[in-house]
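Chemist: After the sequence you'll find the predicted model.
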Amino acid sequence: MKIVILDAETLTINNDIDFSIFDQYGDVTIYPFTKDEEIPERIKDVDIILCNKSPMNRENLCHAKDLKYIGLFATGYNNVDLEYTKERNITVCNAGSYSTDAVTQHVFALILHYYNTIFRYDNFVKEEGWIHTNKFSPFMEMKELYGKTIGIIGYGSIGRKVAQVANAFGMNVLAYSRSALKQTDRTTKELKESIQFVDIDTLLENSDIVTVHCPLNKDSEKMCNMAFFKKMKKDSLFINTSRGGVVNEGDLLEALNNNIIRWAALDVIDREPMTSDCQLLKAKNIIITPHAAWAPVETRTRLIKIVSENLKKWLAGTPINVIE
């Protein structure tokens with residue numbers, strides 16, 4: 001089998017990830033990065049593509065006449081033209097649930113960034129503010145998480161984990177999930193665990209924090225728009241660690257700058273890497289991390305093992321994690 005890895009450097013820092021695990025499956029060629037225009041040439045005679053975010057569209061894939069399998073170093077698959085891969089009978093497998101703990105950790109890091117203002121305290125002390133004050137405890141605005149309401153949009157593995165951690169903080173948890181609302185037995189069980197499933201309007205109107213954990217698809221694209229933000233509390237925090245495309249960035253900019261909502265924290269944006277004209281750079285009360293929630297070394301190591309196991313199972317004729 002001829003195997004190509006198109007964007008290895010999106011998965012490693014200082015070579016801390018070992019890709020030799022894939023050598024057992026065939027002849028592996030590894031590229032640190034692949035520009036979009038380079039993809040057709042690099043995949044033209046391969047059987048297997050392993051990639052993270054390289055666009056797997058009709059234009060690129062039509063040149064790969066021997067292609068049989070695409071393995072994604074990701075849970076999301078919006079970079080793949082599934083209609084075309086089905087036409088060609090190309091199997092596509094993703095790596096679900098590898099980053100559940102890491103993304104949950106990042107969500108609460110973003111929440112605590114605002115609620116505990118650690119960064120402001122640190123700057124205050126290092127700029128000698130504590131030295132030049134007569135207060136033994138020169139505190140700033142802070143809030144407790146206990147008793148606050150968090151609204152979780154999307155109740156997959158990450159949404160459930162966020163709910164568990166929120167419960168540990170003593171928060172009230174509202175969740176919106178189309179599938180969960182249809183599953184009475186599970187809904188009843190979750191209600192006993194202090195999680196209440198509600199419609200999206202009820203969630204927005206009653207949550208102090210709204211965090212998005214749904215996939216990007218036709219239903220979710222740009223769903224976080226001005227109408228969405230206007231239903232939220234004015235002093236609320238909006239968090240997105242899912243996909244940038246679920247947010248209308250112009251509307252979020254306007255919502256923040258006009259005090260429709262107070263804060264936003266994003267790990268993803270619509271166009272990545274960020275471009276110099278990204279309008280969110282003009283927003284107030286926003287923090288943006290560069291799509292890094294999934295990236296602790298333990299998480300990336302787990303990801304590589306899942307992608308390897310996906311490939312192993314497919315070669316054995318018992319594929320798992322197939323995107324239908």
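Modeler: Structure's in. What do you need? Numbers count the residues shown, from 1 in each chain.

Chemist: okay, CA-based contacts and neighbour counts for the rest of this
Modeler: Noted.

Chemist: how deep is Val246 tucked in, by neighbour count?
Modeler: Other residues lying near Val246 total 25 when counted by other CA atoms under 10 Å.

Chemist: I'd like to know how far the spatially most central residue of the chain sits from Ser20.
Modeler: The residue lying closest to the centre of the chain (CA atoms, centre = their mean) is Ser242, at 3.3 Å. Shown here: Ser242 relative to Ser20, a distance of 30 Å by CA to CA, to the nearest Å.

Chemist: Which residue, neighbours along the chain excluded, lies closest to Gly71?
Modeler: Leu50 (4.7 Å; CA to CA, 6 or more residues apart in numbering).

Chemist: Look at the one you found and give its secondary structure.
Modeler: Under the three-state scheme (DSSP: H, G, I helix; E, B strand; the rest coil), Leu50 adopts strand.

Chemist: partners of it in the sheet?
Modeler: Per DSSP bridges, the residues bridged to Leu50 are Ile5, Gly71.

Chemist: Quick check: the residue nearest to Val297 when sequence neighbours are not counted vs Lys233, distance?
Modeler: For Val297, ignoring the flanking residues on the chain, the nearest one in space by CA to CA, 6+ apart is Asp16 at 7.6 Å. Using CA to CA, we find Asp16 at a distance of 43 Å from Lys233.

Chemist: who's more crowded, these two?
Modeler: Using other CA under 10 Å as the criterion, Asp16 and Lys233 rank with Lys233 on top: 18 against 11.

Chemist: quick one on the thing from earlier: where does the residue nearest to Val297 land in three-state SS?
Modeler: coil.

Chemist: picking up where we left off before, which ones are touching the residue nearest to the centre of the chain?
Modeler: Ser242 makes contacts with Val212, His213, Cys214, Pro215, Leu216, Asp267, Val268, as judged by CA atoms under 8 Å, 6 or more residues apart in numbering.

Chemist: which residues touch the fourth one?
Modeler: What that stands for is Pro215. Gly76, Ser242, Arg243.

Chemist: Stretch 106-116: which residues count as buried?
Modeler: Across stretch 106-116, burial judged by 16 or more other CA atoms under 10 Å covers His106, Val107, Phe108, Leu110, Ile111, Leu112, Tyr114, Tyr115, Asn116.

Chemist: What are the contacting residues of it?
Modeler: With contact meaning CA under 8 Å, 6+ apart, stretch 106-116 is reached by 118-119, 142-145, 162, 211, 237, 239, 241, 265, 293.

Chemist: Please tabulate those residues in JSON lines, including the columns neighbour count.
Modeler: Listed next are the contacts of stretch 106-116 as JSON lines, based on neighbours: other CA atoms under 10 Å:
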{"residue": "Ile118", "neighbour count": "14"}
{"residue": "Phe119", "neighbour count": "10"}
{"residue": "Met142", "neighbour count": "12"}
{"residue": "Lys143", "neighbour count": "12"}
{"residue": "Glu144", "neighbour count": "12"}
{"residue": "Leu145", "neighbour count": "19"}
{"residue": "Val162", "neighbour count": "25"}
{"residue": "Thr211", "neighbour count": "25"}
{"residue": "Leu237", "neighbour count": "24"}
{"residue": "Ile239", "neighbour count": "25"}
{"residue": "Thr241", "neighbour count": "23"}
{"residue": "Ala265", "neighbour count": "21"}
{"residue": "Ala293", "neighbour count": "23"}
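
Chemist: Show me the residues you listed that map onto strands.
Modeler: Thr211, Leu237, Ile239, Ala265 (DSSP state E).

Chemist: So which of those residues is the closest to Glu205?
Modeler: Using CA to CA, Leu237 is the member of those that sits closest to Glu205, with 12.3 Å.

Chemist: just the strands in this structure please.
Modeler: Using DSSP E, strands in the chain cover 2-5, 27-30, 48-51, 69-72, 91-93, 149-153, 172-176, 195-197, 209-212, 237-240, 263-266, 286-288.

Chemist: Any idea which of those gets closest to Leu303?
Modeler: It is, among those and with distance given as CA to CA, strand 69-72, at 9.6 Å.

Chemist: Distance from stretch 74-93 to the middle of the chain?
Modeler: 19 Å (CA atoms, centre = their mean, to the nearest Å).

Chemist: got the buried residues for it?
Modeler: Using 16+ other CA under 10 Å as the test for burial, stretch 74-93 gives Ala74, Thr75, Gly76, Tyr77, Val80, Leu82, Tyr84, Thr85, Ile90, Thr91, Val92, Cys93.

Chemist: Lowest pLDDT pick from those?
Modeler: Least confident of the buried residues of stretch 74-93 in the model: Gly76, at 87.

Chemist: which residues sit in contact with that residue?
Modeler: Gly76 makes contact with Asn94, Pro215, Leu216 under the criterion CA under 8 Å, 6+ apart.

Chemist: got it, and Met171?
Modeler: Applying CA under 8 Å, 6+ apart, the residues near Met171 are Leu145, Tyr146, Gly147, Lys148, Thr149, Ile150.
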